[in-house]
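Asks: Sequence unavailable; structure follows:
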DNA sequence: ACGATGATGAAC
DNA sequence: TTCATCATCGTA
């Protein structure tokens, strides 16, 4: 089973999408080379009331994409050095997105099995949103594009089932500025090892 | 523990 | 136009 995730998958609550993206696949294609990763860590940024979200300050040139259609890519430069990869969620005009924080490299032999049960997905790891985008050569050129083969970056369901007990919920990383309430909300989802 | 490094948003 | 801040990471 290999199904490209469509807008309807992303057009839901950001925390739901963040949770459901665990065990889904991120595919990056550049020329003939295709890299497949299984998503292992995400964070939800949900609505303009979310003080940790860039959209908390309203619609600006940067955050406009978060108000756009679900399934589009929101990519921005962080700390002057690292690009963050997000995918927009929820209905139009409702600003929300999911940050992809970590993913595991799918080995080529497993990749060729096409839907076979997964054994070796702990082999290689992209841990950290900045390292992930660096590895996949993701930058602002992809910002505002719809996640799709045409963009060279898309999401797939390959039939991996994730058990609820393998998902850990924690506060989001690096959002102390959001204040005591919003910085503590458990909107980070980690696939346990 | 800290510096690299530049876009962003708000103040002026 | 200046300024503080920042959804990070590698080096120490």
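Replies: Here it is on my side, so go on. No experiment lies behind these values; they were computed from the predicted model shown.

Asks: now the strands for chain A?
Replies: A:3-4, A:25-30, A:33-46, A:73-78, A:82-88, A:96-105, A:124-127, A:153-157, A:167-170, A:188-191 (DSSP state E).

Asks: which outside residues touch the fifth one?
Replies: Applying CB atoms under 8 Å, 6 or more residues apart in numbering, the external contacts of strand A:82-88 come out as A:10, A:17, A:21, A:45, A:65-66, A:68-78, A:96-100, A:129-130, A:132-134, A:136, A:138-140, A:147, A:155. C-beta here means a position set from N, CA and C on the backbone, and glycine is covered the same way.

Asks: Does it reach DNA strand B?
Replies: No - Strand A:82-88 lies apart from DNA strand B when judged by CB under 7 Å from any atom of the strand; the minimum separation is 8.1 Å.

Asks: how much does that strand deviate in direction from strand A:96-105?
Replies: 120 degrees (axes from the mean of the first three to the mean of the last three CA atoms, to 10 degrees).

Asks: of the contacts of strand A:82-88, list those near DNA strand C.
Replies: For DNA strand C, the contacts drawn from the contacts of strand A:82-88 by CB under 7 Å from any atom of the strand are A:45, A:66, A:74, A:78, A:97, A:99, A:129-130, A:132.

Asks: And the buried ones among these, selectable in ChimeraX?
Replies: Typed into ChimeraX, the line below selects the buried ones among these, using 16 or more other CB atoms under 10 Å:
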select /A:45,66,74,97,99,129,130,132
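
Asks: which of the strands of chain A has the lowest average pLDDT?
Replies: Among these, strand A:124-127 carries the lowest mean pLDDT, a mean of 71.

Asks: quick revisit: show me which of the ones next to DNA strand C among the contacts of strand A:82-88 is closest to DNA strand B.
Replies: Distance to DNA strand B across these (CB to the nearest atom of the strand) is lowest for residue A:78, with 6.4 Å.

Asks: residues contacting the closest one?
Replies: A:84, A:129-130.
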